[in-house]
Each structure stands twice: as structure tokens, then as C-alpha cells.
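Chemist: 3D model of this:
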Amino acid sequence: MAKVRDIKYLNRDFNSFRNALINYSKTYFPTTYTDFSEASPGMMFMEMASYVGDVLSFYQDNQIQETFTQYANQTNNLFDLAYMFGYKPKVTGVAETTIDFYQRVPNIGSGPNNRPDFNYALVIGENAQIKSNVSNINFLTEDLIDFTVSSSSDPTEITVYSVNGSDEPTEYLLKKSRKAISATINTTTLTFTTPEEFSTRTISAENLIGILDVVDSDGNVWYEVDYLGQELVFDSIKNTNPNDPNNYTDEGTVPYLLQTKQAQRRFATRFLGSSVLQLQFGAGKSSDTTEEVIPNSDNVGLGLTFEKDKLTTAFSPLNFIFSNTYGIAPSNTTLTVRYLTGGGTAANVPANSLTTLTNTNVVSFANYSATDPSGDYQSAFDSLAVANPNAASGGGDGDSTEELRQNIISSYGTQMRNVTLDDYLVRALSMPSEYGKVAKAYIENSKVSTENNSVLDLYVLGFDLNKKLVSPTDALKKNIRTYLSQYKMIGDSIRIKEAFPINIGIDFEIIALPNFNSNEVLRNCIITLQNYFNIDEWQINEPIILRDVYAQLDNVQGVQTVKNIEFTNKTGDSYSNYKYDVKGAMINNVIYPSIDPMIFEVKYPNSDITGKVVNL
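Modeler: Down below sits the predicted model:
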């Protein structure tokens, strides 16, 4: 029977292994081997064993370290961890800027009926590419540009371009603005024969931004999802009730209506490295489930035929139908994949350098007539011009090792799910602008007593064309409700309501310092208050603290002291119809909002803020 040996398990490096082996030999083989000199054959084997033990310990420690996000250093391991925790790394920094699009159109009518002829207005399709004149850098606009449509979220600015001898306009200049990113569209094809479960394909390129779209040889669109189990995707429907630029109203200003649908043709992407993007498809067949299903109470938990019992199923709002196929696998088809590349420090181009629209094939007329004896159509087409008024910024390298590590930890904490009230607030404000612009939002637990304590009231307001607060349209409310439904907790219920804009006026009195121009000091005070009460800086249910208002005026150069400030409520005519007792709401020099969510607004800063310089 073998003797029990005293074996140490705490040795981690070369020297500790070597000393342990020497002590082990001296203890258990005192007469068998006694030559422990550096040149002895026995010491060679002991040191070789120590070497192997040291290397194994190092790699074991390293592999354990690389499994923890906060300690991992190897890029490929961080990319794997990012995929596991649901974060998509940024391998390039994309530059962004605003691009202005201009075109000229002739007039129509005369006298008071003189107006732009929108029959000559252009429509610039999605994914217009603009090239820099100082470097070989391309920028891309995502949204369609239609000069015939004007709304609060997408205004068409109209100015007179030329007049005749009677000072009557003969040409008008139309202007629209769009956000653009430094990106180039690239195309590749992926061929599939027999269906393969969870098949993958890779795209290799430098400065990869992501997938633009995927269409198969039959014309079917494949949707990118965060993970293959996500069956519901957003589907945009063009709002067929656009505004007439000649007769602007604020009704129906949402460019697109939002709905969700089940999409079986879908794929998920993940970065395997800084220049390799993997696409993964599902495992089902086209005959397994219906192609598209609009979720309703009739097909909740419909599932597959062999899954009858749904009592213990945990439904996700993003997997409403609950199918285990994770989408269909492409077969006997060729997918045309368009992907974006770009970014980097070179993409930070200067102002007025993006001047060339390279893909003019996306430009067309909204209302084209083949009969054009005057040649105005060609003139309008040739007048199209683009420019970036501001320099592009944001271009650079992708996530650094530390940024990647911190972003993974942050992504794991949020998980794209709305849990707290602030989560709902941020998600509502971040809704894509094509579905409507949420100007202000405020959320609270419902004050109405119900059996369900998870009823939330979301109060929202929109902007009109002049950036004044207005009630949200029904289309905007519906889009918000649809958008939030994909991120809310399944037990939460959200009611979209309208907040109350309260218009106020401000009248102040100051005493100016000697040797200062009183008119100039007064003008600077008015500008200071206009900036302070800029609607972008105010939120729903934010009180007015008079001490801060006094401090703003006291900091204006030339002001000796602020003698008085009066706040009044303005209603009727073009102001809000909601009245508010401003003086009654003031307690200890703080004007408090009402119990019902509201927001203070200086609607016309140039006339609603007045002041005068008085003597001591």
C-alpha cells in the first residue's frame, strides 16, 4: 500500500516548485538521491518540472483573469464578453455633422398669391452620399428629403431668391437640414444552398460600422435584431397626411407611423474582432411558422404545435409569439448585404467642405411633368446644392480596452429594459425623430387608485414649427406607446397624457452702475434672461427660483442691483389657454408648479421679457 505523502498545493512559481521538489526528495528519498548541485541530472529534471508547473500556473491564472470583464486585457476575449453581455463594440469612431440641402424653384401666382411652385420641388432618397472636397471622405444621410413636406420635426425653410422689377419674387430658395455620418456603402453577396441551422457568415473590412440592409434574391427584406429570439421588429409606415408647405398646420406632423410585426427573416450580428463582423441566422424553415404576425390577444403564446402548455412560459415583450425556431435559415438564395464603413480621425472634415452629392440617381421630382417648355425642371435640378455649415466631429478610433470594459459593464446593468421611471423618461426622449419629436416628457406613478400599482402616467409635449410647446398629436402618442411597448416591463401599464404649458411674462427693474450705458446694460439683461428661460433648459414640473433669476441679472456687467422682478401669466390669443396663479404659487421666493404636471414657458422672449433702468 502506497504511503501517504505530504504534498503542498500552494506553489505557484518556478522557485517554489523547485524548493518543494528538493524538500520532497530529501524527505521521502533521503538515501536514494543526495546530489542537489546545480549540474546534477536530478536537478535538471526537477527544474524542468518546475518550469512546466510555472508555465501552467501562469496560463491558468491568465485564463481565469480573462473570464472577468474588469480584469480582461486581451481584445478577443473582451469581444466575446461583450457578445455574452449584450454589448456591441464600436470598432471605429464615426464623425457626425449637419448638412444643408438647397434648391431653387420658380414662383407661381402673383400679388398676395405669389408663392413657391412645389411642382418643381425635389425629393432626395434615403442614403444620399456627400463627398468632401478636401479629402476622399464620404458622408451619408439616412432619411429621405422631401422639399414639399414641412413639419415641426422637419421644417422646409423658404426664402426669396430673386425678384423682378416690381420687387415680386420670381424664384424661391428651399432649404432642409439632415444629420449625416462619415460612412461609405459597401456591397457583398452571401450564397446559401441547403438550409443550415444557425448558419454564420463573416464580413471583413476596416472601420466597420454595421449592416445597412439585407435583401435576398426574391426581394425579401431580412431584419437585424439584437438577438435571434427577438421576433418583433419596428415597421415604419409613411404618414399619408403630410403638411402643405404653403399652408402650414401642426396636425399630423409625424412623418412615419410606427407599428411592430413578427419577422421570421432575421439575423443577429457580433464583432469577432476589430475588422470582422459575423452574421448569424436562425434554424427554422419557412413552413414552420407564419411569415409575419401582428401581435394581438388571439395569438399570444401560440407557439409551435408540440408546445401546448403555456402556463409556465415566461414571455418577453420582444418574443411575443414565443417560437423556438429563432427565425428561418436562408436556403437556395443569395443575400445582398449592404454594410457601412468609415469614421476615424480623418473624417473630422472642416466646415463647408462637403459640397458634392455623388449619387444623384437618388434625386427625383415630387411632381414631375414630361412637358417642360421653359426648362424649369432642369434648372431646378441643377440648382441643388449641399454644404455643411459646421465642421464634422466625433471621428476617431473605436473603443479602447478600458472603454470596452466599462461599456460592457454598463450595458449589462441596463439591458435595454425599462425598470425605473427614469428609464422610461430617457427611452421616450430617445425615440427616433422620424416617428415624431418628444419635446418634453415627465413620468410618475398614477395618482388614480387601481388594483395594479404598475400604472404609469407619461406626460409629453411637442414643438411646433417655431419651437413653441404644443399638445402632442394622436399620431405622436400612438408612436410613443408602440415604441415603449418593446422596452417596458411586462407588468407595467403606461398612459400617455398631455402636460400643461404655462406661458409667463417677466418685467424687471435694475439700477445701473455709473459710467455704463443704461441701454446696453438693459439689453444685456434681457439677453441673459432669454438664455436663462430658453425652453431647451427647462423641464416639466421645474420651479422658478427667484434667487437664481436675481443672480443671473446681478452677474451682468454694469448692474449695480436688481430692484424688482415681476412674473405674470399670459393667456389667450396665441398664448396657452391654461391660466395659472403665479403669485399664489410663490412661496419663499419660489414659484412652484401645480400638482398636475406643467412647464413654464416664455413663448415670445423678444416681447414677453421687458425691463427698465430706474434710479436709486
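Chemist: Let me see the confidence value for the nearest residue to Arg495 once chain neighbours are set aside.
Modeler: Residue nearest to Arg495 in three dimensions, not counting chain neighbours: Asp457, with 5.3 Å by CB to CB, 6 or more residues apart in numbering. Yep, even glycine has a C-beta here, placed from its N, CA and C like the rest. What the model reports as pLDDT for Asp457 is 91.
Chemist: Now do Asp457: how many residues are near it, please.
Modeler: 17 (other CB atoms under 10 Å).
Chemist: what about it, which helix or strand?
Modeler: strand 455-463 (DSSP states H and E).
Chemist: which helices and strands does that strand pack with?
Modeler: helix 421-429, strand 440-445, strand 469-470, helix 474-485, strand 493-498 (3 or more CB pairs under 8 Å, 6 or more residues apart in numbering; DSSP states H and E).
Chemist: relative to strand 493-498, how tilted is that strand?
Modeler: Strand 455-463 and strand 493-498 are oriented at 30 degrees to each other (axes from the mean of the first three to the mean of the last three CA atoms, to 10 degrees).
Chemist: Partner strands of strand 455-463 and their direction?
Modeler: Next to strand 455-463 in the sheet, as set by DSSP bridges, lie strand 440-445 (antiparallel), strand 469-470 (antiparallel), strand 493-498 (parallel).
Chemist: what about the longest helix along the chain, average pLDDT?
Modeler: For the chain, the longest helix by residue count, based on DSSP state H, is helix 41-66. The pLDDT scores in helix 41-66 average 91.
Chemist: Against which helices or strands is it packed?
Modeler: Going by 3+ CB pairs under 8 Å, 6+ apart, helix 41-66 lies up against helix 14-28.
Chemist: Sketch out the low-pLDDT regions of this protein for me.
Modeler: 1-2, 152, 238-253, 255, 286-325, 369-375, 412-416, 449-453 (pLDDT under 70).
Chemist: what residues go with each domain of it?
Modeler: Taking automatic domain parsing as the criterion, the chain consists of the domains 14-66, 92-183+343-387, 226-262+289-324+417-498, 500-613.
Chemist: could the strands paired with strand 455-463 be laid out in a markdown table, adding mean neighbour count and distance to Asp216?
Modeler: A markdown table is the format used below for the strands paired with strand 455-463 (neighbours: other CB atoms under 10 Å; distance: least, CB to CB, whole Å):
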| stretch | mean neighbour count | distance to Asp216 |
| --- | --- | --- |
| strand 440-445 | 19 | 39 |
| strand 469-470 | 20 | 43 |
| strand 493-498 | 16 | 37 |
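Chemist: on that earlier part again, of the domains of the chain, which is nearest Thr401?
Modeler: Checking the domains of the chain against Thr401 by CB to CB gives domain 14-66 as the closest, at 12.2 Å.
Chemist: before we move on, back to that, any chance of the helices and strands packed on strand 455-463 in a markdown table, plus distance to Tyr120?
Modeler: Converted to a markdown table, the helices and strands packed on strand 455-463 look like this (distance: least, CB to CB, whole Å):
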| stretch | distance to Tyr120 |
| --- | --- |
| helix 421-429 | 37 |
| strand 440-445 | 38 |
| strand 469-470 | 31 |
| helix 474-485 | 29 |
| strand 493-498 | 39 |
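Chemist: Compare those and give me the one nearest Pro116.
Modeler: If you check each of these against Pro116 by CB to CB, strand 469-470 wins as the nearest, at 25.0 Å.
Chemist: coming back round to it: orientation of the strand holding Asp457 relative to helix 474-485 in degrees?
Modeler: 130 degrees.
Chemist: Span of stretch 186-201 from start to end?
Modeler: Start-to-end span of stretch 186-201 (CA to CA, to the nearest Å) is 16 Å.
Chemist: what does that stretch rub up against?
Modeler: Residues from elsewhere that reach stretch 186-201 (CB atoms under 8 Å, 6 or more residues apart in numbering): 203, 205, 228, 278-283, 285, 326, 328-341.
Chemist: Pull out the buried residues from that stretch.
Modeler: For stretch 186-201, burial by neighbour count (16 or more other CB atoms under 10 Å) applies to 186, 190, 192, 195, 199, 201.
Chemist: repeat for stretch 403-419
Modeler: Buried positions in stretch 403-419, judged by neighbour count with 16+ other CB under 10 Å: 404-405, 407-408, 418.
Chemist: So which of these belong to helices?
Modeler: In this view, the buried residues of stretch 403-419 that belong to helices under DSSP H are 404-405, 407-408.
Chemist: Looking at those, spot the one nearest Gln103.
Modeler: Distances from Gln103 to these, taken by CB to CB, are shortest for Asn407, at 41.3 Å.
Chemist: How about the closest one, nearest residue that isn't a chain neighbour?
Modeler: Tyr87 (5.6 Å).
Chemist: My guess is the one you found contacts Arg405. True?
Modeler: No - contact criterion CB atoms under 8 Å: Tyr87 and Arg405 do not qualify, at 10.2 Å.
Chemist: thinking again about what came up before, tell me which residues in the longest helix of the chain are buried?
Modeler: Those would be 42-43, 46, 50, 53-54, 57, 66, for helix 41-66 by 16+ other CB under 10 Å.
Chemist: rewinding a little: which of the ones in helices among the buried residues of stretch 403-419 sits closest to Lys447?
Modeler: Nearest to Lys447 out of these is Asn407 (CB to CB; 38.1 Å).
Chemist: Just to check, that closest one is in contact with Asp399?
Modeler: Yes - between Asn407 and Asp399 a contact is recorded at 6.2 Å, counting by CB under 8 Å.
Chemist: anything in contact with each of the two?
Modeler: Any residue near both Asn407 and Asp399 by CB under 8 Å, 6+ apart counts here, and that gives Pro89.
Chemist: for this protein, which residue is closest to the average position?
Modeler: Closest to where the C-alpha atoms of the chain average out (CA atoms, centre = their mean) is Ser430, at 6.0 Å.
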